[in-house]
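Asker: Dropping the sequence and predicted coords here.
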Amino acid sequence: MPAIILFDGECNFCDASVHFIIKRDPNGYFQFAAQQSDIGEKLKRQYDIPNNMDSILVIDQHNVYNASDAALHISKHLNRPWSFLHVLKVIPKPIRDVVYKVIAKNRYAWFGKKDSCMIPSPEIRNRFL
């Protein structure tokens, strides 16, 4: 069963991150769903994820990863050299999450926001739930 990345479908940075992941995940380990989509809302309810969670989320083998844990879990499954970023897991989560939260808090100001979720191209549509 592929892992699922729940992302903010209105965030330009998150949209760019999804495309970055797709290009570096040739085996299709990840599927994607916008948190605002019906399937995203359903998965958040299923896994008791609060609606105010301001983080990318990864659901993999019934485990939910958020914030820096999610980012590092993703990196572990990408092509080299990106997979090597997983070694940052040795940094304590509270320290990693401070950096993550600064980016998450400012992502709309720094990268902008869309009025609606992205529509995937035909080439990658099968990766979206």
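Answerer: Arrived safely, thanks for sending.
Asker: Any idea how many residues pack against residue 34?
Answerer: Using other Cβ atoms under 10 Å, residue 34 has 23 other residues around it. In this view, the C-beta of every residue, glycine as well, is placed from N, C-alpha and C.
Asker: If we ignore the residues flanking it in sequence, what's nearest residue 73?
Answerer: Spatial nearest neighbour of residue 73, excluding adjacent residues (Cβ to Cβ, 6 or more residues apart in numbering): residue 65 at 4.6 Å.
Asker: do residue 88 as well
Answerer: Nearest non-adjacent residue to residue 88 (Cβ to Cβ, 6+ apart): residue 72, at 6.0 Å.
Asker: how much space between the one you found and residue 40?
Answerer: Separation of residue 72 from residue 40 (Cβ to Cβ, to the nearest Å): 21 Å.
Asker: Could you give the number of residues near the closest residue to residue 7 other than its chain neighbours?
Answerer: Nearest non-adjacent residue to residue 7, counting by Cβ to Cβ, 6+ apart: residue 14, 4.5 Å away. Neighbourhood size, residue 14 [other Cβ under 10 Å]: 23.
Asker: Then residue 58?
Answerer: The number of residues near residue 58, taken as other Cβ under 10 Å, comes to 22.
Asker: now swap in residue 79 and tell me
Answerer: Neighbours around residue 79, by other Cβ under 10 Å: 11.
Asker: now do residue 27
Answerer: With other Cβ under 10 Å as criterion, residue 27 counts 9.
Asker: before we move on, back to that, tell me which residues of the strand or helix carrying the residue nearest to residue 88 are tucked away?
Answerer: Using DSSP states H and E, residue 72 sits in helix 67-76. Judged by neighbour count using 16 or more other Cβ atoms under 10 Å, the buried positions of helix 67-76 are 67-75.
Asker: Then stretch 96-107?
Answerer: In stretch 96-107, counting by 16+ other Cβ under 10 Å, buried: 96-97, 100, 104, 107.
Asker: Including secondary structure, pLDDT and distance to residue 7, could those residues go into JSON lines?
Answerer: Compiled in JSON lines, these are given as follows (DSSP: H, G, I helix; E, B strand; the rest coil; pLDDT from 0 to 100; distance: Cβ to Cβ, whole Å):
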{"residue": "96", "secondary structure": "helix", "pLDDT": "93", "distance to residue 7": "19"}
{"residue": "97", "secondary structure": "helix", "pLDDT": "92", "distance to residue 7": "18"}
{"residue": "100", "secondary structure": "helix", "pLDDT": "83", "distance to residue 7": "14"}
{"residue": "104", "secondary structure": "helix", "pLDDT": "76", "distance to residue 7": "12"}
{"residue": "107", "secondary structure": "helix", "pLDDT": "75", "distance to residue 7": "11"}
